[in-house]
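> here's my sequence, what's the structure:
(chains A and B)
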There are 2 protein chains.
Amino acid sequence: MFESASLSRKLSDPEFKVLEGDLRTRLLMTQLQIAEECKYAILLVIAGIDGAGKALIAQRLLEWLDPRHISTDAFYLPTEEEQRYPRMRRYWSVLPAKGRMSIVFGSWYHQPLYDRITGIIDEGHFQEEMHKIASFESLLANEGYILCKLWAHLPRKERRKRARMKSGDALLAVRMNEWGDLAKLDYDLARGSVEEMARITSTAQAPWAVVPGADANYRDALAGQILLDRMEHKLEAPCHPAPAPTPPLKAKGIPGPTILDRLDLSSKQQPKSYRKKLNALQQRLHKLTQADDFKHSGMIVVFEGADAAGKGGCIRRAVRQLDPRIYQIHSIAAPTDEELAHPYLWRFWRRMPSQGRLVVFDRSWYGRVLVERVEGLCPIEDWQRAYQEIADFEGELVESKRKVVKFWLQISKDEQLKRFKSREETPFKRFKITEEDWRNRKNWDSYQAAAVEMIDRTSTINAPWVLIPSEDKKFARIKILETLCNLLSEKRS
Amino acid sequence: MFESASLSRKLSDPEFKVLEGDLRTRLLMTQLQIAEECKYAILLVIAGIDGAGKALIAQRLLEWLDPRHISTDAFYLPTEEEQRYPRMRRYWSVLPAKGRMSIVFGSWYHQPLYDRITGIIDEGHFQEEMHKIASFESLLANEGYILCKLWAHLPRKERRKRARMKSGDALLAVRMNEWGDLAKLDYDLARGSVEEMARITSTAQAPWAVVPGADANYRDALAGQILLDRMEHKLEAPCHPAPAPTPPLKAKGIPGPTILDRLDLSSKQQPKSYRKKLNALQQRLHKLTQADDFKHSGMIVVFEGADAAGKGGCIRRAVRQLDPRIYQIHSIAAPTDEELAHPYLWRFWRRMPSQGRLVVFDRSWYGRVLVERVEGLCPIEDWQRAYQEIADFEGELVESKRKVVKFWLQISKDEQLKRFKSREETPFKRFKITEEDWRNRKNWDSYQAAAVEMIDRTSTINAPWVLIPSEDKKFARIKILETLCNLLSEKRS
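A predicted model of the protein is given here:
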């Protein structure tokens, strides 16, 4: 991987001046075109050896480009505050909006590499981390990001020289020290780990490029040229053909009830004991969320279901007796402009709570494989890949010790009609029913089919779908509270 | 994952008869179209619970389809013989040619699942295996395979019932027993592992489909319908847009010698000591390949370089004193018809040796990123993904304890001309020089650039590229023998 970068190639100042004129003009023009079109975003990851000039590369690029469209972020090992959030959240939070560019230091590569090189994690664990990163970057590439990953390299001899050069040069003195004491670095382990990183994450869409850091002119010219190539190429050839995703099973010929048809919608809660039961469960949930255990974990609850299935009512009852400081309800409607300029999961990542909190989503990221699929709001290749992306996303949450549970509230088509009509007739409920609800109702069967595939493909032991017959609202509310209490009182690693 | 499959759905015999007529006609017609076009191949993986009717599904499909275009293969844990080969070789060997279909039992999923469920490997190791499979299947999808993966499922209750039903039914009696004694199965671990398998390997191109095994009619109709859907969809929509791969760095503006330019081509071997040195090294290599160590490993050596760089001569000297029974030289020319009907790596997998052998490739799988790239024989998205596919491939070899080394023989353009002319003038060498050699020579710079990118992207600690200045043939031969001896005498885990 470091073969070419280990050559000591140089550009004299006059040579560099000649190159620079053309390079910076084209960089700027391309950046402005991207900023204007607002279709793509640029993610420039600068990683590599300490002292190889990572900050200097960024400095030069910021000088050549229009810095108003650029953010710069540096990540070290997570702070105590950052550790209270799911791990990937801090990286999602700096993803640039379409038209913009981010320069990221440290990045999602730093912690796994650091942990591997210092022996905190073993090779298998490290590989798994790299695969997660490859999935993450594949999502980004699919969402229109131009990924440019630079690894700044110094040959071993040059590195020793620079390590001795203390703080004489002001710019070298502010170096990041990502890797701690270089003298103690296990060189072979480090090199092997970086190669393993490149093997797994140098995908066709986001390969690593190695930039030799010994000569400043050569280093900056090469970095600029790589970035320019990536941007120009994306504008010229944004897409290539790839094998088509598998469509949902037609299986039209094959009859048979679905899991949703099979739910016993006649399930009823005795009205007499309802109040008492509800109150007891609400108190139990309150106690569970006050426990020490919960303070170091948290819970994420998703509600999905047909319109008028009773999601709102269930949510209100679920949180009624909770400490208002520990929970948050997110009602998910159409995305904002800013959200539309980011990958679809971004608006959910930004809502991911710190430890010790319960967060409820009234509709959620599953919109991608429900409404967006059924209404044709995104092409098949986008919602097909979402099943796996969502599994990765929830996997991250579970790994951050959050309990994750997803409720599907099921009612019959007749019951929906009854509730729609009652909403229209009751003045204080009328705001709840819109034209869109009636329109969605026409696609009832498609929504049900999409829900069945969603449940089959995304229900897992650690992030299960729980199907709730909601024809009787009281039954649904009790059932949901019971499930939440049971999940929270379960001990799980 | 098993939500829908746990419903006990049934088809009565008359219902089934009605469905069957249409289904089998369409299955057959689609299969014949694929057989005629010879553009795609079908890979049907049947996995799942013992006793859920895996063999019966295949039986029915073989009855519906034209069995002349179908092969069936079943894999158990590897035999002693199979263990002598790199692990994936047995799966590669049954990949169907274009136009054909394979039904695979056991498949590449069986061993990792079995090892995980019986506790032989831990979760991290299992995930890594699943990622490797996802890469393997992604390669297949890109190479035109229609992947259909069925997981035959039985609810726990039904499973218990069938486990008690001994050998009364002849067909149930021949069941595979993939999972050993069901009574001893750790059910939760098994379910968790299968879910993890689906999470990582249910990609958009090759998702798992769960087939409930309780009712034979329903099971077979569903399996047939899924297969039909996949085949029909591939014919209707073979490709979708995906983010374009990153092209090679243009960096035209940036001068500077490459790693190949920097090689010291004036390196010379003193003619006086050549014979003695050569003989000593050849004997040393012979001894090393007779060692016990070597019997349990083996070595794979690749030679690449410009035409007339001296590959043939080096190879002949390297093997001169070896036991002819332990080595094999493969000279790679244009692929055969049969090879063209398979993924490009297939012809190399079939040449992968058992333990204790040394295999030399005179030109190799790197043709994909050299001649195929430079001559435009495959589109950019195909050779771009090859860097990672080759890294995975060589990773498998290294994991099977093979030493892997790749030599790049470098000569100057002038020296090539001299050798070409000398070949034309020497009668017994004339066969070595063709029109194609002169044509390739015109693309000298493109080949050199492709070689530099190849070396930078595929040289790793465990499968390094070694650059050999070959202007002096004697120097190159000594250098290569030295490298081979040093690699073999190295102890590495």
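
> so what's residue A:264 closest to, chain neighbours aside?
Spatial nearest neighbour of residue A:264, excluding adjacent residues (CB to CB, 6 or more residues apart in numbering or on different chains): residue A:469 at 5.8 Å. (C-beta placed from N, C-alpha, C; glycine too.)

> so that neighbour touches residue A:265, yeah?
Yes: the pair residue A:469 and residue A:265 qualifies as a contact (CB atoms under 8 Å) at a distance of 4.9 Å.

> list the contacts for residue A:241?
B:239, B:240, B:241, B:242, B:381 (CB atoms under 8 Å, 6 or more residues apart in numbering or on different chains).

> looks to me like it is in a helix.
No: read with DSSP: H, G, I helix; E, B strand; the rest coil, residue A:241 is strand and lies in no helix.

> hmm, the strand or helix carrying residue A:21 in reach of chain B?
Using DSSP states H and E, residue A:21 falls within helix A:13-37. Yes: applying CB under 8 Å from any CB of the partner chain, one finds helix A:13-37 in contact with chain B at A:15, A:19, A:22, A:23.

> do the next helix or strand after that helix and chain B meet?
Using DSSP H and E, the helix or strand that follows helix A:13-37 in sequence is strand A:41-48. No: Strand A:41-48 stays clear of chain B (CB under 8 Å from any CB), getting no nearer than 12.7 Å.

> mind giving me the packing neighbours of strand A:41-48?
For strand A:41-48, the packing partners by 3 or more CB pairs under 8 Å, 6 or more residues apart in numbering or on different chains; DSSP states H and E come out as helix A:13-37, helix A:54-64, strand A:101-105, helix A:107-117, strand A:145-153, helix A:216-236.

> how far out from the middle of the chain is whatever helix or strand comes next after the fifth one?
I take that to be strand A:145-153. The C-terminal neighbour of strand A:145-153 among helices and strands, as given by DSSP H and E, is helix A:156-164. Computed by CA atoms, centre = their mean, to the nearest Å, the chain-centroid distance of helix A:156-164 equals 38 Å.

> picking up where we left off before, pull out the buried positions in the helix holding residue A:21.
By 16 or more other CB atoms under 10 Å in any protein chain shown, the buried positions in helix A:13-37 come out as A:15, A:16, A:19, A:20, A:23, A:24, A:26, A:27, A:30, A:31, A:34, A:35.

> now flag whichever of the residues you listed is closest to residue A:154.
Proximity of those to residue A:154 (CB to CB) peaks at residue A:16, which lies at 19.5 Å.

> can you tell me the closest non-neighbouring residue to the closest one?
Distance criterion CB to CB, 6+ apart; nearest residue to residue A:16, sequence neighbours excluded, is residue A:217 at 4.0 Å.

> list residues touching both of residue A:469 and residue A:265?
residue A:410.

> contact partners for the residue of the stretch 351-493 of chain A at minimum distance from chain B?
Using CB to the nearest CB, the single residue of the stretch 351-493 of chain A nearest to chain B is residue A:384, 4.2 Å away. Taking CB under 8 Å, 6+ apart, we find residue A:384 in contact with A:245, A:246, A:247, B:204.

> surely the last one and residue A:389 touch.
Put plainly, it is residue B:204. No: using CB under 8 Å, residue B:204 is not in contact with residue A:389, being 9.9 Å away.

> mind checking which helix or strand the residue lying closest to residue A:429 once chain neighbours are set aside is in?
With CB to CB, 6+ apart as the criterion, residue A:429 has its nearest non-adjacent residue at 4.4 Å, and that residue is residue A:423. Using DSSP H and E, the element containing residue A:423 is helix A:413-425.

> helices or strands up against that helix?
Secondary-structure packing of helix A:413-425 (3+ CB pairs under 8 Å, 6+ apart): helix A:435-442.

> which parts of the helix it packs on are buried?
Going by neighbour count (16+ other CB under 10 Å), the buried part of helix A:435-442 is A:437, A:440, A:441.

> what comes up buried for whichever helix or strand comes after that helix?
Moving toward the C-terminus from helix A:435-442, the next helix or strand (DSSP H and E) is helix A:444-458. Neighbour-count burial for helix A:444-458, with 16+ other CB under 10 Å as criterion, is recorded at A:447, A:448, A:449, A:450, A:451, A:452, A:453, A:454, A:455, A:456, A:457, A:458.

> need the contact list for residue A:320.
The contact partners of residue A:320, by CB under 8 Å, 6+ apart, come to residue A:282.

> got a list of contacts for the strand or helix carrying residue A:130?
In the assignment (DSSP H and E), residue A:130 maps to helix A:123-142. Helix A:123-142 has contacts (CB under 8 Å, 6+ apart) with A:43, A:88, A:95, A:108-109, A:112, A:115-116, A:121, A:147, A:193, A:196-197, A:200-201, A:203, A:205-206, A:343, A:345, A:382, A:385, A:388-389, A:392, A:396, B:122, B:124-125, B:127-128, B:131, B:242-243.

> for the stretch 351-493 of chain A, what lies in contact range of chain B?
Close to chain B, as judged by CB under 8 Å from any CB, the stretch 351-493 of chain A has residues A:379-381, A:384-385, A:387-388, A:391, A:395, A:452, A:455-457, A:459-461, A:465.

> hmm, back to that, make a ChimeraX selection of the buried ones in the contacts of residue A:384.
In ChimeraX, this line selects whichever of those come out buried by 16+ other CB under 10 Å:
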select /A:245,246 /B:204
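
> show me where the stretch 201-350 of chain A has strands.
A:208-212, A:239-243, A:298-305, A:327-331 (DSSP state E, counting those that start in this stretch).

> list of residues touching the first one?
By CB under 8 Å, 6+ apart, the list of residues contacting strand A:208-212 from outside reads A:1-2, A:4-9, A:48, A:52, A:57, A:148-154, A:197-198, A:201-202, A:218-219, A:222-223, A:226, B:249, B:456.

> can you tell me which of the residues you listed are buried?
Neighbour-count burial (16+ other CB under 10 Å) applied to these gives A:1-2, A:4-7, A:9, A:48, A:52, A:57, A:148-154, A:197-198, A:201-202, A:218-219, A:222-223, A:226, B:249, B:456.

> count of neighbours near residue A:325?
Applying other CB atoms under 10 Å in any protein chain shown, we find 8 residues neighbouring residue A:325.

> quick one: it from residue A:290, how far?
According to CB to CB, to the nearest Å, residue A:325 and residue A:290 sit 11 Å apart.

> point out the residues in the stretch 51-200 of chain A that sit beside chain B.
Counting by CB under 8 Å from any CB, the stretch 51-200 of chain A comes close to chain B at A:122, A:124-125, A:127-128, A:131, A:141-142, A:188, A:191-192, A:195, A:198-199.

> tell me the least confident of those?
Among those, residue A:188 carries the weakest pLDDT, at 80.

> list phi and psi for the closest residue to that residue other than its chain neighbours.
Counting by CB to CB, 6+ apart, residue A:188 lies nearest to residue B:461, which is 7.9 Å off, once chain neighbours are set aside. Main-chain dihedrals, residue B:461, degrees, to the nearest 10: phi -60, psi -40.

> wait, residue B:461 touches residue A:193, no?
No: applying CB under 8 Å, one finds residue B:461 not in contact with residue A:193, separated by 10.5 Å.
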